[in-house]
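Student: Let me see the structure of the following:
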Amino acid sequence: MPRPAPTCPCGLPSAYDACCGRYHSGRANAPTAEALMRSRYCAFNVKDAAYLLRTWHPATRPPAVTFEPGMKWTGLEILGTTEGSAFHTTGTVTFRARYTDGGRPGSLHERSRFIRLDGAWVYVDGDFIE
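Tutor: The predicted structure is shown next:
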């Protein structure tokens, strides 16, 4: 009997390929700011730098994305959203992402800003909270 596909690292109950994997591969664009936020968290989890750069606004995009070798992302909690639906051009997502760094637990709490650019959601920037 085949094993079920693991759930997506973004926290939704779907398999990776049916969830964030379809955005990472380019088969689809994230339809909302929250979906883009989840897919970007997942991209950090699976170390997909190309996707992160592709979904970063050109005005704020860094030249490269590097991953900390001892860091492992362990969970995402969406705390709130404003706008960011298929009917909006801007949106924010407030989230808490948990991680371990060299075995020590930590969390990142951020309010991220997104805009729709050429029909696709992109990450602009964010404010750290706490």
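Student: so the residue nearest the centre of the chain is in which element?
Tutor: Residue closest to the mean C-alpha point of the chain, counted by CA atoms, centre = their mean, is residue 40 at 2.1 Å. For residue 40, the enclosing helix or strand under DSSP states H and E is helix 33-46.
Student: so what's the residue nearest to the centre of the chain scoring on pLDDT?
Tutor: The per-residue pLDDT reported for residue 40 equals 98.
Student: picking that back up, for the helix holding residue 40, buried residues please.
Tutor: Of the residues in helix 33-46, those with enough neighbours to count as buried (16 or more other CB atoms under 10 Å) are 33-45. From N, CA and C alone the C-beta is placed, and that goes for glycine too.
Student: got it, and stretch 51-70?
Tutor: Buried positions in stretch 51-70, judged by neighbour count with 16+ other CB under 10 Å: 51, 52, 55, 56, 61, 65.
Student: about what we covered before: and which of the buried residues of helix 33-46 is nearest residue 122?
Tutor: The nearest member of the buried residues of helix 33-46 to residue 122, counting by CB to CB, is residue 36 at 7.5 Å.
Student: Residue 116 is in contact with the closest one, correct?
Tutor: No. Proximity of residue 36 to residue 116 does not meet the contact threshold set by CB atoms under 8 Å, at 9.9 Å.
Student: where in the protein is pLDDT low?
Tutor: Low-confidence segments of the chain (pLDDT under 70): 1-5.
Student: where do the contact lists of residue 36 and residue 116 overlap?
Tutor: With contacts defined as CB atoms under 8 Å, 6 or more residues apart in numbering, the residues adjacent to both residue 36 and residue 116 are residue 122.
Student: Run the chain-centre distance for stretch 25-32.
Tutor: What separates the centre of stretch 25-32 from the centre of its chain is 12 Å, taken as CA atoms, centre = their mean, to the nearest Å.
Student: What's the end-to-end length of that stretch?
Tutor: Taking CA to CA, to the nearest Å, the span from the opening residue of stretch 25-32 to its closing residue is 17 Å.
Student: Buried residues in it, which are they?
Tutor: Along stretch 25-32, the positions that meet the burial threshold by neighbour count (16+ other CB under 10 Å) are 30, 32.
Student: That's all I had, so thanks and see you.
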